[in-house]
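*Asks:* generate coordinates for the sequence data below:
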Amino acid sequence: MKKFFLIFFIIFLTIVTTVTKNSTKKLESQIYIVKENISILKNKYELVLLEYNYLTTPKKLIEYQSKYFENDLIPLDINKIKKIKEENNE
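*Replies:* Predicted coordinates for the structure are as follows:
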């Protein structure tokens, strides 16, 4: 009888260990995927931030204006800017 309980206990522990290992493998896999996604997003964010900072400097904007638009752009008084409100899809 004692042997039966001992064998049952060993089998039970083996099954529990197997289930636990499989679940931790799945969790580790998910964690790895999330970390990789975060890494990719961080790289994209840094590139976008660099591009934003580089392109929006006043010196660059003036350079682009003179290079691409020449006399097409005119200065505008901020006080003269008004809101356009759309009503009834008109």
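
*Asks:* go ahead and flag the most central residue of the protein.
*Replies:* Leu41 (4.1 Å; C-alpha atoms, centre = their mean).

*Asks:* helix, strand or coil: sort out that residue for me.
*Replies:* When classified by DSSP: H, G, I helix; E, B strand; the rest coil, Leu41 comes out as helix.

*Asks:* what segments of this protein are helices?
*Replies:* Ranges of helices in the chain, per DSSP state H, are 2-55, 58-64.

*Asks:* so which of these comes closest to Asn71?
*Replies:* helix 58-64 (13.6 Å; C-beta to C-beta). C-beta here means a position set from N, CA and C on the backbone, and glycine is covered the same way.

*Asks:* got a list of contacts for that closest one?
*Replies:* Contacts made with helix 58-64 from outside it, assessed by C-beta atoms under 8 Å, 6 or more residues apart in numbering, are listed as Tyr54, Leu55.

*Asks:* would you mind measuring from Val48 to Thr17?
*Replies:* From Val48 across to Thr17, the span is 46 Å (C-beta to C-beta, to the nearest Å).

*Asks:* ok, Ile31 to Ile10 distance?
*Replies:* 31 Å.
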